[in-house]
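[1] Model the structure of this input:
(4 chains)
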Number of protein chains: 2
Amino acid sequence: MADSGGHSGESLLFLTDEQLRKGIEAMFFAYRGFTADPDRILESYAYGRAHHRAVHFINRFPGTTVNNLLTILGVTKQSLNRVLRTLIADGLVEVRVGTRDRRERHLHLTEAGITLERELSEAQRRRMRAAYRQAGPEAVAGFRHVLEAMMDPEMRRHYGDLKEQV
Amino acid sequence: MADSGGHSGESLLFLTDEQLRKGIEAMFFAYRGFTADPDRILESYAYGRAHHRAVHFINRFPGTTVNNLLTILGVTKQSLNRVLRTLIADGLVEVRVGTRDRRERHLHLTEAGITLERELSEAQRRRMRAAYRQAGPEAVAGFRHVLEAMMDPEMRRHYGDLKEQV
DNA sequence: CTTGGAATGTCAACAAGGCTGACATAAAAT
DNA sequence: ATTTTATGTCAGCCTTGTTGACATTCCAAG
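    The predicted structure is shown next:
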């Protein structure tokens, strides 16, 4: 509550290598938990984590273009295309040619796609909700704050999005 | 900032689906940042993230057995073995046959291995330190608390380790 | 002592999903 | 008319996960 700011003589015990190492390992183990539940669901669909990411962000930004998705996901178009191809073939993603610019392909989830997205995100939210509830609102604020500071700046733009930059 | 405790009628606004979604995306983008710096270093060694993880935990638990490492990393022994083979061939990891049980292989970093580990972990700590400093000690406590709650329970044993469970 | 099972680790082969490079097409911009 | 942009596709490579088959070692039951 007191000194989180920039005083000169504050403790800084939270910046020891030991504390940092714990943070690093916490990220490693937590991320495993974070992906575990969706991974189990994806297995039964014969999809992978790459499909999950695509479905998540198409749901989040309906009508987004392929190029847009590329920069958000940080993969090559060939890699994304392989995933999109199967999602389209399986009827989870619908492609609409752009009206203003007909080179662009706008991506939308179909009903089936929305169903899968909901199943995946509900599993993930369930774990996140349990963790949030256990840690409490102040811890959650700190959690988000540290994660935001850890992102590459360009990625911070895609996160939280638009009107609200925290 | 007031009620973090366990009152019945508290706000719970931090548990909305929207808040959870932000936490999910924060994990995704932050993990990318988290691995970005080591990944760049590893590239110049022609190693991958799997090598980093192995080197990290061998450094953390010197003399650990292959089996031990297996359960910590959560991969198959065949997958780990491939990584270990190259690290051993390149002289970064030393294998000592167990004295009591000669089936066991105890793993240690060589001088060269320690050097690589330091280079990788220093890069990772640098980012973590910047994030910690920016967020402040209370945020860091919250960050760790949420991450711990997000882990699978078995993994929580390997984390923070031994005498100190936070 | 021997023998069979359990634990540990290695080798081989396959799949997912990254990557680069080359090339095609359509549409927009100049 | 030419160039640039957005997208898609094919081919081939690498890392890192998987399973299956096998070798070695230890231990315990006969």
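[2] hang on, residue A:72 packs against residue A:159?
    No. In this structure, residue A:72 is not within contact of residue A:159 by Cβ atoms under 8 Å, at 9.6 Å. (C-beta placed from N, C-alpha, C; glycine too.)
[3] Would whichever helix in chain A runs longest count as contacting DNA strand D?
    Across chain A, the longest stretch assigned as helix under DSSP state H is helix A:17-45. No. No part of helix A:17-45 sits near DNA strand D under the criterion Cβ under 7 Å from any atom of the strand; the closest distance found is 10.2 Å.
[4] Report all helices and strands that that helix contacts.
    Applying 3 or more Cβ pairs under 8 Å, 6 or more residues apart in numbering or on different chains; DSSP states H and E, we find helix A:17-45 packed against helix A:49-60, helix A:111-135, helix B:17-45, helix B:49-60, helix B:111-135, helix B:137-150, helix B:153-158.
[5] Comparing the ones you listed, which yields the minimum mean pLDDT?
    Ranked by mean pLDDT, the helices and strands packed on helix A:17-45 bottom out at helix B:153-158, with a mean of 88.
[6] That helix close to chain A?
    Yes. For helix B:153-158, a contact with chain A is found by Cβ under 8 Å from any Cβ of the partner chain, at B:155, B:156, B:158.
[7] Tell me how far that helix lies from the chain's centre.
    On the basis of Cα atoms, centre = their mean, to the nearest Å, helix B:153-158 sits 12 Å off its chain's mean C-alpha point.
[8] can you pull up the bridge partners for residue A:93?
    residue A:109 (DSSP bridges).
[9] on that earlier part again, and residue A:72 and residue A:159? which has more neighbours close in?
    residue A:72 (22 against 19; other Cβ atoms under 10 Å in any protein chain shown).
[10] Now that one: closest residue in space, sequence neighbours ignored.
    Distances taken as Cβ to Cβ, 6 or more residues apart in numbering or on different chains put residue A:158 closest to residue A:72, at 5.2 Å, once the chain neighbours are dropped.
[11] Residue A:87 now?
    With Cβ to Cβ, 6+ apart, the residue lying closest to residue A:87 is residue A:93, at 4.2 Å.
[12] What of residue A:75?
    Nearest non-adjacent residue to residue A:75 (Cβ to Cβ, 6+ apart): residue A:50, at 7.8 Å.
[13] quick one, what contacts that neighbour?
    A:75, A:79, A:83 (Cβ atoms under 8 Å, 6 or more residues apart in numbering or on different chains).
[14] May I have the phi/psi pair for the residue of chain A found nearest DNA strand C?
    Nearest residue of chain A to DNA strand C (Cβ to the nearest atom of the strand) works out as residue A:48 at 1.3 Å. Reported as degrees, to the nearest 10, the phi and psi values for residue A:48 are phi -120, psi -170.
[15] In chain A, which residue sits nearest DNA strand D?
    Counting by Cβ to the nearest atom of the strand, chain A gets nearest to DNA strand D through residue A:67 (2.6 Å).
[16] For that residue, pull up the helix or strand it's in.
    helix A:66-73 (DSSP states H and E).
[17] quick one: that helix to helix A:49-60, angle?
    Relative orientation of helix A:66-73 and helix A:49-60, computed by axes from the mean of the first three to the mean of the last three Cα atoms, to 10 degrees: 120 degrees.
[18] Stretch A:66-78: how far from the chain's middle?
    So, by Cα atoms, centre = their mean, the centroid of stretch A:66-78 is 14 Å from its chain's centroid.
[19] Now it: buried residues?
    A:68, A:69, A:70, A:72, A:73, A:75 (16 or more other Cβ atoms under 10 Å in any protein chain shown).
[20] just checking, the third one touches residue A:81?
    No. Counting by Cβ under 8 Å, no contact exists between residue A:70 and residue A:81, whose distance comes to 9.5 Å.
[21] Residue A:127 and residue B:32, how far apart?
    Distance, residue A:127 to residue B:32, using Cβ to Cβ, to the nearest Å: 20 Å.
[22] between the two, which one's more packed in?
    Using other Cβ under 10 Å, the more surrounded residue of residue A:127 and residue B:32 is residue A:127, with 22 against 16.
[23] ok, back up a step: which ones are touching the residue nearest to residue A:87?
    A:54, A:55, A:58, A:84, A:87, A:107, A:108, A:109, A:110, A:113.
[24] out of these, which are buried?
    A:54, A:55, A:58, A:84, A:87, A:107, A:109, A:113.
[25] now those residues in TSV, with distance to DNA strand C?
    Shown next, in TSV, are these (distance: Cβ to the nearest atom of the strand, whole Å):
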residue	distance to DNA strand C
A:54	9
A:55	12
A:58	15
A:84	10
A:87	11
A:107	16
A:109	18
A:113	16
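[26] Which one of those residues is nearest to residue B:120?
    residue A:54 (30.1 Å; Cβ to Cβ).
[27] Not counting residues beside it along the chain, what's closest to the closest one?
    Leaving out its chain neighbours, the residue that sits closest to residue A:54 by Cβ to Cβ, 6+ apart is residue A:83, at 5.3 Å.
[28] neighbours of the one you found, just the number please.
    Counted with other Cβ under 10 Å, residue A:83 comes out at 22.
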